[in-house]
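Engineer: Here you go, sequence then predicted model.
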Amino acid sequence: MTVAFFSGKARRAGVALGAVSAGLLVLSACDKPTPLATVTVGSDSVNTEATCYNDGKAIKESQIQTCLNKKAEKTITVSADDRIRFGVDPEVAENGWTLFIGGQQAEQEPYKKTYRSIPASAFLSSQTGETSNTAQISIVETTGKKLTGIWHFQLKKES
């Protein structure tokens, strides 16, 4: 014969306390996810977390070029007459964001809205007029003159 050391009520309370403790332990082990950036062409859409992000603080100057040179993990296919829609989380838009093409800044002033649309032809042709089959586009969050986040996408010209 077994003897119950705890009443049913005490056991349930102990199990509940253990479950809450385990849940808090799991949550404390998780990193806060970075804000997402999204690129949409027609009905196709890809999104990604930042390649480089420091919880909204400036990325170290020594790391910026390395971050800008990283290859995109997400690719989306476009044709020259498509419109590409870029979207960022509201906290990124609050600070401002700019587009980089192939690691080079493509615009001077940061954009302060969560969404914008640009023709694909702007990314698939060079200044000399030559067309390209791919382009790496980076969304770069800025806070003042500091870069605080970098997201990469690869545009692939439809064949």
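Structural biologist: Great, that's in hand. Only a predicted model underlies this, so the values are computations on that prediction, with no experimental measurement involved.
Engineer: What helices and strands are in contact with the longest strand along the chain?
Structural biologist: Longest strand in the chain, counting residues (DSSP state E): strand 146-157. In terms of contacts (3 or more CB pairs under 8 Å, 6 or more residues apart in numbering; DSSP states H and E), strand 146-157 is packed against strand 36-41, strand 44-49, strand 52-53, helix 61-69, strand 75-78, helix 121-124, strand 134-143. No exception for glycine: its C-beta is placed from N, CA and C like everyone else's.
Engineer: pLDDT weak spots in the chain?
Structural biologist: 1-32, 126-129 (pLDDT under 70).
Engineer: wait, what's in contact with the residue nearest the centre of the chain?
Structural biologist: With distances taken as CA atoms, centre = their mean, E49 lies nearest the centre of the chain, 3.0 Å away. Contacts here follow CB atoms under 8 Å, 6 or more residues apart in numbering; on that basis E49 touches P33, T34, P35, L36, W151.
Engineer: how about these, which pair is most distant?
Structural biologist: Greatest spatial distance among these (CB to CB): P33 and W151, at 12.8 Å.
Engineer: out of those two, which sits in the busier spot?
Structural biologist: Set P33 next to W151 and count neighbours by other CB atoms under 10 Å: W151 wins out with 28 against 9.
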